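In: sharing a model prediction with you, sequence too.
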Amino acid sequence: MKKTPLLVILAILLILPLVVKDVNFQHVMLMMLIFAGLGEAWNIITGFAGQTSFGHAAFFGIGAYTSTVLFYKFNVSPWIGMILGALFAGVVAFLVSYPCFRLKGHYFAIATLAVAEIVKQLFVSWDYVEGATGISIPVVADSFWAMQFHRSKIPYVLIAYGLFVFVLFVAIAIERNKMGYYLKAIRESHEAAEALGINTARYKLLAMIVSSMLTALFGTLYAQYILYIDPFMVFGLEVSMKIVLLTVLGGLGSIYGPIIGAAILIPLSEYTRTLLGGTGKGIDLMIYGILIVIVVVFEPRGILGLLRKRSRRRINYGKSTA
Amino acid sequence: MLAQLVVTGVLVGSVYSLVAVGLTLVWGLMDIINFAHGDFMMISMYTVFWLYALLKWDPLVSLPIAALVAAMIGLLTYRLVIKRVLNAPGLMALLATFGLSLFIRNFAQFLWSPNYRFVGESILSGKRLVISDVIVGIPQLVAALGSIGMTFAVALFIKKTKFGKAVQATAQSREIAELMGVDTEKVYMFTFALSGICVGVAGTLLSGIFPVYPESGAMYGLLAFVIVALGGFGNIWGAFYAGIMIGLAETIGGFYLGTQFKYAIAFLIYLLVLQFRPKGLFGW
């Protein structure tokens, strides 16, 4: 992978929200960074290793709830909560991986969906975390330590950017490392990978844990930004699906995929919401939904597929044929 | 008490089965995960509701119309969306049906608001059957019997008719079926319509029991995914038994552990059973 386009994208993502003073725009950029990061994290288990997870909301929600409960009940800094949330998500990923990895293909995908729904139901009826009511995070004075900033969105954007870059580099490191090759071998053929002596169980487990821990990081940031969480919001199927949608739309298994997908879908969803969401009639989601359909119908290979096709000739010159 | 729970569970499960049968047909044949399946059902429920509200039609009278409406939506979905993404890589089709689901659900909300609507008076409403200490609501009983009947009809249709055989052949190999002269395009189209009919019938039978609102198909759609996988993809009878099983698990588990956990229990059953049968109860 060439470095220049990625560095250009990273520079744009950093400079744009700092230069444009419009708060709506900053909000959209923030959500874009969060969801691009979630997409990168999800890509590790689904794009690289080929194990489709429909349940990543579980890890996102665990991240959000861990830091929120610690902050709300014990006044622990969300930064510490973020790390603990990631660890906790990793433990849950480890525990659910054993029953889920026995299943293949769609069976696995539906199992992850089931896990996320179970976790959601548990949180809905768990009084300690306020059940279905959700938790309003206590508002405190602006501070980095409390991860709360009320005067400007810029600090949130910077944190999101930092997390995004971190996740991006973890994903790139995995992709370039032997782990990346192993995961892709597993994706292409589980049997062949096994025959080559790859410990498929171990690498899938590792990918799942890393992916879930990275997902949880964003849960904390999201909670501190919105200052309110409930189980439907953070554990909902909508969260899992949004991650799936934007990554698949952008390009599954590619570092650029989630960035492209998020850059299209998140502004689409946020702007339709701000423009049309006030009516309470669901026009925003209606338009969002139909636009997804239109994009997919006209570009069924994903945006990256389209770009690749256009520039195939050039790429082929660069690479000797495999 | 247990007898009552079992009866209730089987009744609920039968309707789940029919919803899942519609889903498994498409899934088994085309490997398409239709996220909008539950929303097709919701539209059929609204059809029944409006025929009732405006013309005072009984749900059982509007059944063919509601089924037809759902079939048309299935057909249109295939023609306008699925056909174009059928050969696209991996999850693209899922993306399309998810977008479609968002659209249909919010379109319903736009047209009819998120409020709950009820089909009040129908021929069946309020009637019930008491056998020793077990109480069976007639609407529930009719819904269950209708669902079982429909499931039977679909299974028979797929097994016995020429069209059904074409469906089976296409499911096994599209290329070979085409070489044998099967118009697979037609097979796909009509299977989508048939899937719509299943869910339309299920929706109609539920509309006398269940409130009608834009999200009313959502949970059924989600449970149908689990049921389809539990039964084994593309397996009609698998979906049938799995549906009953989920209905039982939900009712009995919900009673002993609290109704707020009933769906969690259903999902847990899925995870547990698949530990022993990783390709579903009746999967190959």
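Out: Nice, I can see it.
In: next structured bit after the helix or strand bottoming out on mean pLDDT in chain B?
Out: Ranked by mean pLDDT, DSSP states H and E, the weakest helix or strand in chain B is strand B:128-131, scoring a mean of 84. The first helix or strand that comes after strand B:128-131 along the chain, using DSSP states H and E, is strand B:134-137.
In: the helix or strand just after that following strand: which residues count as buried?
Out: Counting by DSSP H and E, the element after strand B:134-137 in chain order, helix or strand, is helix B:138-160. Under the neighbour-count criterion of 16 or more other Cβ atoms under 10 Å in any protein chain shown, helix B:138-160 has B:139-144, B:146-148, B:150-151, B:154-155, B:158 buried. Where C-beta positions appear, they are placed from N, C-alpha and C, glycine not excepted.
In: one more: stretch B:4-20?
Out: B:5, B:7-20.
In: got the contact list for the closest residue to A:Gln224 other than its chain neighbours?
Out: Once flanking residues are discounted, A:Gln224 sits nearest to A:Met147: 4.3 Å by Cβ to Cβ, 6 or more residues apart in numbering or on different chains. Neighbour list for A:Met147: A:77-79, A:159, A:220-221, A:224 [criterion: Cβ atoms under 8 Å, 6 or more residues apart in numbering or on different chains].
In: who wins on neighbours among these?
Out: Counting neighbours by other Cβ atoms under 10 Å in any protein chain shown, A:Thr220 leads the contacts of A:Met147 with 31 neighbours.
In: does A:Ser254 touch A:Gly47 like I think?
Out: Yes: with contacts counted by Cβ atoms under 8 Å, A:Ser254 reaches A:Gly47, the gap being 7.0 Å.
In: quick one, which of the two is more surrounded?
Out: The residue with more neighbours, out of A:Ser254 and A:Gly47, is A:Gly47; 28 against 22, by other Cβ under 10 Å.
In: quick one: mean pLDDT over the helix or strand that contains A:Thr215.
Out: Assigned by DSSP H and E, A:Thr215 falls within helix A:200-226. Averaged across helix A:200-226, the pLDDT comes to 96.
In: same question for stretch A:148-168.
Out: 94.
In: for that stretch, which outside residues touch it?
Out: A:10, A:13-14, A:17-18, A:23, A:26-27, A:29-30, A:33-34, A:36-37, A:40-41, A:139-142, A:144, A:147, A:214, A:217-218, A:221, A:224-225, A:227, A:255.
In: apply 7 Å and report the result again.
Out: A:10, A:13-14, A:17-18, A:23, A:26-27, A:29-30, A:33-34, A:36-37, A:40-41, A:139-140, A:142, A:214, A:217-218, A:221, A:224-225 (Cβ atoms under 7 Å, 6 or more residues apart in numbering or on different chains).
In: again, but for stretch B:143-155
Out: B:10-11, B:14-15, B:17-18, B:21, B:194, B:198, B:201-202, B:205-206, B:209, B:236-237, B:240.
In: make TSV from the buried residues of helix B:138-160 and add distance to B:Leu230 to it.
Out: Output for these, formatted as TSV (distance: Cβ to Cβ, whole Å):
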residue	distance to B:Leu230
B:Pro139	26
B:Gln140	22
B:Leu141	25
B:Val142	26
B:Ala143	21
B:Ala144	19
B:Gly146	22
B:Ser147	17
B:Ile148	18
B:Met150	20
B:Thr151	15
B:Val154	18
B:Ala155	17
B:Ile158	20
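In: ok, for residue 238, nearest residue in space, not its chain neighbours?
Out: Chain wasn't specified; assuming chain A. A:Ala57 (7.9 Å).
In: wrong chain, I was asking about chain B
Out: B:Gly231 is the one closest to B:Gly238 (Cβ to Cβ, 6+ apart), at 2.9 Å.
In: go on, B:Thr251?
Out: Nearest to B:Thr251 is B:Gly9, by Cβ to Cβ, 6+ apart, at 3.6 Å.
In: which residues touch the one you found?
Out: Taking Cβ under 7 Å, 6+ apart, one finds B:247-248, B:250-252 in contact with B:Gly9.
In: and it, which helix or strand is it part of?
Out: helix B:2-30.
In: going along the chain from that helix, find the next helix or strand for me.
Out: helix B:37-55.
In: show me what that next one is packed against.
Out: helix B:2-30, helix B:59-77, helix B:92-112, helix B:184-207, helix B:218-231 (3 or more Cβ pairs under 7 Å, 6 or more residues apart in numbering or on different chains; DSSP states H and E).
In: also within reach of chain A: list those from the contacts of stretch B:143-155.
Out: Near chain A, taking Cβ under 7 Å from any Cβ of the partner chain as the test, no member of those is found.
In: and the nearest residue to B:Tyr116 once chain neighbours are set aside, how many neighbours?
Out: In space, and not counting its chain neighbours, B:Tyr116 is closest to B:Pro211: 3.9 Å by Cβ to Cβ, 6+ apart. Around B:Pro211 there are 15 other residues, counting by other Cβ under 10 Å.
In: spell out which parts of the stretch 1-150 of chain B neighbour chain A.
Out: Near chain A, when you scan the stretch 1-150 of chain B using Cβ under 7 Å from any Cβ, you find B:81, B:84-85, B:88-92, B:95-96, B:98-100, B:102-103, B:106-107, B:109-110.
In: filter those to the buried ones?
Out: B:81, B:84-85, B:88, B:90-92, B:95-96, B:98-100, B:102-103, B:106-107, B:109-110.
In: just to revisit the earlier point, let me know the closest of the contacts of B:Gly9 to chain A.
Out: B:Glu250 (11.8 Å; Cβ to the nearest Cβ).
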